[in-house]
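J.: Sequence below, structure please.
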Amino acid sequence: MVAPLKHFLQFKDFSRDELEHLFVRTGFIKKRFQSYQPYHPLADRTMAMIFEKSSTRTRLSFEAGMHQLGGSAIYLNTRDTQLGRGEPVEDAAEVISRMVDIVMIRTFEQDIIERFAAHSRVPVINGLTNEYHPCQILADIYTYIEQRGPIQGKTVAWIGDSNNMCNTWLQAAEVLDFNVHVSTPPGYEVEPERAGLFGTDHYEDFADPMDACREADLVTTDVWTSMGFEAENAERMMAFADWQVDADMMRVARKDALFMHCLPAHRGEEVATEVIDGPQSVVWDEAENRLHSQKALLEYLLRGRIEG
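T.: Sure thing, here's the model as predicted:
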């Protein structure tokens with residue numbers, strides 16, 4: 001069976017029903033993996049992975065995941081291809097999508113991946129852009145469900161930069177009906193239009209990060225300086241100094257609150273060592289679940305809805 005053409009460029013590209021199906025499939029695929037039972041629904045399928053930004057977890061999880069599903073993955077770096085020499089994105093999409101079954105792209109501007117998808121014959125997955133990181137949030141929400149149950153009605157505290165992770169959490173809150181408490185330094189606030197939100201009903205801004213964490217079910221953060229913003233690093237280090245997730249913040253969250261971080265983490269900057277290495281942290285499960293949730297995503301985009 002071949003699935004109808006669908007892309008995953010932003011979290012809101014999928015409905016709540018589709019996402020809940022993916023979470024169920026993630027659990028099924030993870031159990032097969034952990035019990036050493038082969039599962040090859042993507043035999044003879046090939047994925048092209050196009051990287052303009054460097055990566056550890058994204059490349060490893062997609063490449064290993066595709067192999068574990070019986071398919072193969074080809075790594076393309078824009079420095080080594082015609083894309084890095086000025087070939088139009090639209091032309092690259094026309095050619096690449098005639099040679100592979102699915103494409104994952106990790107790049108800078110969201111516009112690049114949108115243009116690629118518009119000219120692609122096959123599904124395109126956003127492996128990270130400046131604006132969004134939907135595959136990471138897919139794994140994060142699965143991790144929460146795995147640890148604590150449904151996320152509907154829960155409160156997520158986002159502490160730090162209103163970056164691609166924050167934007168995607170906000171989209172997820174709208175689709176899956178939970179709430180996000182956002183606390184950023186002045187000048188780094190959420191831009192609802194850039195985040196691609198329908199409204200502002202599912203998030204609340206807090207000037208004080210302690211207030212944002214109060215009674216939260218999940219506290220999460222990211223590096224203070226994302227890829228592409230390195231020139232601002234010194235300025236950001238000063239601006240974000242009071243936005244480190246520490247034990248005091250975790251204490252005002254709910255007693256069973258979890259801590260997440262998409263990694264790589266800078267201990268002593270956006271998160272205290274005692275938090276990321278503490279009992280409430282699930283960052284290693286979160287990282288592993290990138291593998292399994294993306295396998296469910298690949299299965300859905302290439303095979304459609306598989307039940308059971």
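J.: where does the chain have low pLDDT?
T.: Residues of the chain meeting the criterion pLDDT under 70: 1, 82-84, 226-229, 231.
J.: List the buried residues in stretch 239-247.
T.: Residues 239-240, 243-246 are the ones in stretch 239-247 that count as buried (16 or more other Cβ atoms under 10 Å). The C-beta positions use only the backbone N, C-alpha and C, and glycine is treated the same way.
J.: nope, stretch 281-299 is what I was after
T.: Applying a neighbour-count criterion of 16+ other Cβ under 10 Å, the buried positions in stretch 281-299 are 281-283, 286-299.
J.: Can I get it in CSV? Just the C-alpha atoms.
T.: What follows is stretch 281-299 as a C-alpha-only set of coordinates in CSV (Å, rounded to 0.1, in the frame of the first residue of the first chain):
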residue,chain,number,x,y,z
SER,A,281,15.1,14.4,34.0
VAL,A,282,14.0,12.1,31.1
VAL,A,283,16.4,13.6,28.5
TRP,A,284,17.9,10.2,27.6
ASP,A,285,14.5,8.6,27.0
GLU,A,286,13.6,11.7,25.1
ALA,A,287,16.6,11.3,22.9
GLU,A,288,16.0,7.6,22.3
ASN,A,289,12.4,8.3,21.4
ARG,A,290,13.5,10.4,18.4
LEU,A,291,14.4,7.1,16.8
HIS,A,292,11.0,5.4,17.5
SER,A,293,8.7,8.3,16.9
GLN,A,294,10.4,9.1,13.5
LYS,A,295,10.1,5.4,12.5
ALA,A,296,6.3,5.8,13.1
LEU,A,297,6.4,9.0,11.0
LEU,A,298,8.2,7.3,8.2
GLU,A,299,5.8,4.3,8.2
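J.: Have a look at this structure and report its longest helix.
T.: Secondary structure assigned by DSSP state H gives helix 283-303 as the longest helix of the chain.
J.: Can you name every helix or strand that that helix contacts?
T.: Applying 3 or more Cβ pairs under 8 Å, 6 or more residues apart in numbering; DSSP states H and E, one finds that helix 283-303 makes contact with helix 16-34, helix 57-68, strand 102-106, strand 124-128, helix 134-148, strand 258-261.
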